[in-house]
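1. sequence? don't have it. structure:
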């Protein structure tokens, strides 16, 4: 036991001391805060920008529609510079006026121009051209303003006075969304998808990075023959176990630091957003219980054991880094193909595909936590997933330890699959 | 108590169709320096790995100091230096050594003390520079070899196993290694090493075992081996360029079985029953001027060639037999 401890300790301390670990551990939270803050900031931008004010209205209606539209776009006319410029244009000169306005936009003097004419008055069509034509929020704002102006002109025709008109057409609607699960309301839909994505991405990256760490660690011990020295002191399985546990502990340390700092960043989010000048959006986090947190860590650990033992087997069977990369490609395919399914599962977390993927040990350590983050998962499915994954881990460990103890002592050419299958049957 | 450090009885190890070690029996006396000789692929490394309990024999038994080799207390009394060497490249020297010591059951402060002693002893720690605080890959190759050697001996093992210890050593480190082997023997330790360099074995070993193609060819005390397996040979050298003149004499198979040109002298193995004096007379009669004509013991190299044959070396499988 003391010797197993020595191996775990070495694996843990050497890696935690490395620059790479410090950098990754520090940049992790920066990355996550980017994931959490940037979308929120972008969401705040979904309110129209000041670009809409810097436009020209080419009014060919000859009814003062352009001016009323400008007032409508500006909203609050007391603020200077918010009124779009209105140009009254006879219908026959509209084409020429559009060319002039286009050049203005090209010279960046204006963001764009709006064309209103008889068709607009009839409620049939209006046109906009500008650099921000792809901005959904800006376009929605302009379209709304045009609709409201048409509505106002029609109401005026029926004989409504100005005050009444404003009263009727003023609808400052704030539309917020919230998701409902079996457990009740669970924060905003967007937050929950983002959270699920963050969890999936974190698990995915951790498994890839730490799996490869184990692989190159095993390879180093093999090529330097340190493995033989260690194996002459402790049983081979202890070396493998010490490695998996030691590196697993490093991964766990990193995740706990990441989760802890991310939690802190979330707490500090409001002040940060305020500094960025973005209004604080109502963005409550999914409510994750301690139990769910423990289940997440359990999935990380089991998934890590499953993949890292297989990575260790690959590392023991090859003789160089380049051979290792090649030999590890089946594992890489297994993980990457799981990664491909992250988005579909996020979109439909209760579908058959999501259910199947969260039972198969190859994908369950990544897919199941994602499902748990975005929707309620029945206890039976959760238990099944964990049981299958645990069985998968035992199988992977059994297979890996058999390949490992033979592979570490075999130098020379890279073994074929057939040879590796035979190693499994070797006695020690 | 047993008088053997290692007692191997009828061990075999087979990989698929390839038999790495076949029915090998050998005994290493306590306190001796023992050479395991053989061409590449003869089964030396496999044998050593079985002694170290890295792999288990298919059949047969191995006892070390009277205990089965898989006894965990026994592994702490063994020190092992593998053939191709290296250590964790990015790790600090002291930490590597401490790790290796812990694997052999040496505890913290005790390990620190021993590491200091060894570093000073092999001049890796001087008042100017303490290489113990450097990382392994900052060390020269020679220094790395020293560190690995410390790692092998740090826990003060009773049985030291060195796999091809001389390969890749410069003459200075090779000499240091030989001195250490002698020191170990003097302090009562048992040393077993494998090599295909017969000269080192001849100079250092009390006993040897020659194996080829997984089987034992001969073993025993080195003087007895020479006595038993070699005829008395003759070292011959002539003044000037006289060698050409006696070529016909050396080709006479009633007198000479084989003559091995060692450049500075010929090592001549007499034909069975032939009289060395008759050979000397023939040479003198041919008019050559004899500078040296001496009855010598056959070298281990000669015995090796004779028993294993040149083909045994060439056919030896490369890698890790």
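-> Yep, it's here. These figures come from a predicted structure and were not determined experimentally.

2. pLDDT below threshold where in the stretch 101-250 of chain B?
-> B:230-231, B:241-244 (pLDDT under 70).

3. now the strands for it?
-> Ranges of strands in the stretch 101-250 of chain B, per DSSP state E, counting those that start in this stretch, are B:159-163, B:190-195, B:207-212, B:215-221, B:233-238.

4. can you pull the contacts of the residue of the stretch 201-350 of chain A found nearest chain B?
-> Ranked by C-beta to the nearest C-beta, the top residue of the stretch 201-350 of chain A for proximity to chain B is residue A:224, at 2.8 Å. From N, CA and C alone the C-beta is placed, and that goes for glycine too. Residue A:224 makes contact with B:85-89 under the criterion C-beta atoms under 8 Å, 6 or more residues apart in numbering or on different chains.

5. Neighbour-wise, which one of those residues leads?
-> For the contacts of residue A:224, the largest neighbour count, defined by other C-beta atoms under 10 Å in any protein chain shown, is 24 neighbours, found at residue B:87.

6. Give me the secondary structure label for that residue.
-> coil (DSSP: H, G, I helix; E, B strand; the rest coil).

7. cool, residue B:6 as well?
-> Secondary structure assignment for residue B:6 (three-state DSSP): strand.

8. how far away is it from chain A?
-> Going from residue B:6 to chain A by C-beta to the nearest C-beta, to the nearest Å gives 14 Å.

9. returning to what we had before: what would the strands of the stretch 101-250 of chain B look like in JSON lines with distance to residue A:163 and mean neighbour count?
-> Converted to JSON lines, the strands of the stretch 101-250 of chain B look like this (distance: least, C-beta to C-beta, whole Å; neighbours: other C-beta atoms under 10 Å in any protein chain shown):
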{"stretch": "strand B:159-163", "distance to residue A:163": "101", "mean neighbour count": "24"}
{"stretch": "strand B:190-195", "distance to residue A:163": "106", "mean neighbour count": "25"}
{"stretch": "strand B:207-212", "distance to residue A:163": "111", "mean neighbour count": "24"}
{"stretch": "strand B:215-221", "distance to residue A:163": "113", "mean neighbour count": "18"}
{"stretch": "strand B:233-238", "distance to residue A:163": "130", "mean neighbour count": "20"}
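
10. The contacts of residue A:224: which ones sit near chain A?
-> B:85-89 (C-beta under 8 Å from any C-beta of the partner chain).

11. Tell me the one of the residues you listed nearest chain A?
-> Of all the ones next to chain A among the contacts of residue A:224, residue B:86 has the smallest distance to chain A: 2.8 Å, by C-beta to the nearest C-beta.

12. shouldn't the closest one be in contact with residue A:228?
-> No. The pair residue B:86 / residue A:228 is not scored as a contact, 10.6 Å apart, by C-beta atoms under 8 Å.

13. can you put the ones next to chain A among the contacts of residue A:224 in JSON lines and add distance to residue B:127 and pLDDT?
-> What follows is the ones next to chain A among the contacts of residue A:224, written out as JSON lines (distance: C-beta to C-beta, whole Å; pLDDT from 0 to 100):
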{"residue": "B:85", "distance to residue B:127": "28", "pLDDT": "70"}
{"residue": "B:86", "distance to residue B:127": "29", "pLDDT": "76"}
{"residue": "B:87", "distance to residue B:127": "25", "pLDDT": "87"}
{"residue": "B:88", "distance to residue B:127": "27", "pLDDT": "89"}
{"residue": "B:89", "distance to residue B:127": "27", "pLDDT": "87"}
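
14. Next up, the contacts around whichever residue of the stretch 1-150 of chain A sits closest to chain B.
-> Chain B sits closest to residue A:6 of the stretch 1-150 of chain A, with a gap of 3.9 Å, by C-beta to the nearest C-beta. For residue A:6, the contact set (C-beta under 8 Å, 6+ apart) comprises A:242, B:99, B:102-103.

15. give me that answer again for 10 Å
-> Contact analysis of residue A:6 by C-beta atoms under 10 Å, 6 or more residues apart in numbering or on different chains lists A:230, A:233-234, A:238, A:242, B:98-105.

16. pLDDT at it, what is it?
-> On the pLDDT scale, residue A:6 is placed at 91.

17. so where does it fall, helix or strand?
-> Here residue A:6 sits within helix A:2-16, counting by DSSP states H and E.

18. got the buried residues for that helix?
-> Residues of helix A:2-16 classed as buried: A:3-4, A:6-8, A:10-12, A:14-15 (neighbour count, 16 or more other C-beta atoms under 10 Å in any protein chain shown).

19. quick one, domains of the chain?
-> Just so you know, I chose chain A. A:2-43+A:185-425, A:50-169 (automatic domain parsing).

20. Chain B was what I was after
-> Using automatic domain parsing, chain B is parsed into the domains B:4-227, B:231-296.
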